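Student: Attaching a predicted model along with its sequence, questions to come.
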Amino acid sequence: MSLFSPSEDWYYKKVSKDEKMWILISLVLCLTLFVWMVLWHVYGKQNTSDLTYRTSTAEFTKLSEAYIKINMVGMDNGVPIVRPKPNSDVFVLAEMWRWSPILILEKDQKYKLHISSKDVMHGFSLQPVNMNFQVYPDYDYVLTFVPTELGEYKVICNEYCGIGHHTMIGKIVVIEKDSDLKQYGYDNLKKAPEVITTNRTAPLTEAEMVLMGEQIYNLKGCVGCHKTDGTSQLAPSWKGLFGKDEKVVENGNITSVKVDEDYIKESITDPKQKVTVGFEKVPMPAIPLTDDEIAQVISYIKTL
Ligand code: CUA
């Protein structure tokens, strides 16, 4: 009680036996935990590799796109699937709002995962094992690891990154043999369209344009917001979009536009010009595409 001042000599009174015991117990506990901290660091096998490279969002995006193009074995809901070779470098890109690609890994093999972000900070949270890493733009974060258990793992984003944050779920599948792929529906992967190489001189046929457009849709991440099944949660669905009359906000006024080639081109290169009513709160980034690529995307949209 502080109402009464302590007696003069309280400080010099002998400490009671009980009190000494408790002080000793807490001291031993503190030291034990401290020693464990060091031991766990050395023997716990829980450490991330402290390897990080400086990169740029443009450079890493280019790298991961090139990586996916070469190694893609199929698609799952618009997200490319890659089956990397053991001991290889694997590139995973976080962007608003998806993880790409999906990985098929082999048990007890080593992989060197490079993770970076295309836009803002995301959180790589591997579930259900609950391993967490931060993913920054401009840094290539390297995780060297050996998957030791079979199964399907989800990569949840645990850093709030905008309105689509909760939809940002990636996947890693760990298998032992090819027949394991069946349970994940990956045994009969529809091969992604071949990249049509640049040394082709003849113009693309309309069917090839559509294939290329679909590939751009997946690789450039349009699929993260624009769905093709008619649902428009984060951005207008592309289903039945072409030729439609859309209400848009232009310079603060609501007007109506016809979705045609010019409008789509403007929406890709300068998305802030005319924003579809209802989606003003979800800013779309400008996507750097060549005129050819834009034409291919338009061909794809037309088929939906
Ligand atoms: Cu990415 Cu939250």
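Tutor: Received, thanks.
Student: pLDDT score for residue 33?
Tutor: On the pLDDT scale, residue 33 is placed at 96.
Student: any low-confidence regions in the stretch 101-250 of the chain?
Tutor: Residues of the stretch 101-250 of the chain meeting the criterion pLDDT under 70: 190-201.
Student: Show me which residues of it are close to the ligand?
Tutor: With C-beta under 6 Å from any ligand atom as the criterion, the stretch 101-250 of the chain comes near the ligand at residues 122, 157, 159-161, 165, 168. Where C-beta positions appear, they are placed from N, C-alpha and C, glycine not excepted.
Student: In a markdown table, list these along with secondary structure and neighbour count.
Tutor: Shown next, in a markdown table, are these (DSSP: H, G, I helix; E, B strand; the rest coil; neighbours: other C-beta atoms under 10 Å):
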| residue | secondary structure | neighbour count |
| --- | --- | --- |
| 122 | strand | 31 |
| 157 | strand | 25 |
| 159 | coil | 18 |
| 160 | coil | 12 |
| 161 | coil | 21 |
| 165 | helix | 17 |
| 168 | coil | 22 |
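Student: and those, which two are the farthest apart?
Tutor: 160 and 168 (10.3 Å; C-beta to C-beta).
Student: With adjacent residues omitted, what lies nearest to the residue of the stretch 201-304 of the chain found nearest the ligand?
Tutor: Nearest to the ligand, among the residues of the stretch 201-304 of the chain, is residue 224, at 10.2 Å (C-beta to the nearest ligand atom). Counting by C-beta to C-beta, 6 or more residues apart in numbering, residue 98 is the residue found nearest to residue 224 once chain neighbours are left out, at 4.4 Å.
Student: Same question for residue 65.
Tutor: Nearest residue to residue 65 in three dimensions, chain neighbours excluded: residue 219, at 5.6 Å (C-beta to C-beta, 6+ apart).
Student: do the same with residue 277
Tutor: residue 247 (4.2 Å).
Student: Was I right to think that neighbour contacts residue 256?
Tutor: Yes: contact criterion C-beta atoms under 8 Å: residue 247 and residue 256 qualify, at 5.7 Å.
Student: still on that earlier bit, now do the residue nearest to residue 224 against the ligand, distance only.
Tutor: 9 Å (C-beta to the nearest ligand atom, to the nearest Å).
Student: I'd say that residue and residue 171 touch.
Tutor: No: using C-beta under 8 Å, residue 98 is not in contact with residue 171; the gap is 10.5 Å.
Student: If you count surrounding residues, which of residue 247 and residue 256 has more?
Tutor: residue 247 (12 against 9; other C-beta atoms under 10 Å).
Student: how about the helices in the stretch 51-200 of the chain?
Tutor: Counting by DSSP state H, counting those that start in this stretch, the stretch 51-200 of the chain has helices at residues 57-71.
Student: Contact partners for the residue nearest to residue 65?
Tutor: Counting by C-beta atoms under 8 Å, 6 or more residues apart in numbering, residue 219 touches 65, 68-69, 80.
Student: Quick one, which of the residues you listed has the minimum pLDDT?
Tutor: Ranked by pLDDT, the contacts of residue 219 bottom out at residue 69 (81).
Student: How many residues are close by that residue?
Tutor: By other C-beta under 10 Å, the residues close to residue 69 number 14.
Student: Confirm residue 33 sits in a helix?
Tutor: Yes: using DSSP: H, G, I helix; E, B strand; the rest coil, the assignment for residue 33 is a helix.
Student: Could you report the distance from it to residue 27?
Tutor: Distance, residue 33 to residue 27, by C-beta to C-beta, to the nearest Å: 11 Å.
Student: quick revisit: shouldn't the residue nearest to residue 277 be within a strand?
Tutor: Yes: Residue 247: assigned to a strand according to three-state DSSP.
Student: quick one, what contacts it?
Tutor: 254-256, 276-277.
Student: Outline the domain layout of this structure.
Tutor: For the chain, automatic domain parsing gives the domain ranges 50-184, 206-302.
Student: Distance to residue 17 for the ones you listed - can I get that in CSV?
Tutor: As requested, the domains of the chain are exported to CSV (distance: least, C-beta to C-beta, whole Å):
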stretch, distance to residue 17
domain 50-184, 44
domain 206-302, 67
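Student: nearest to residue 4, of the ones you listed?
Tutor: Here domain 50-184 is closest among the domains of the chain (C-beta to C-beta), at 51.5 Å.
Student: Could you give the separation between the terminal residues of the closest one?
Tutor: 33 Å (C-alpha to C-alpha, to the nearest Å).
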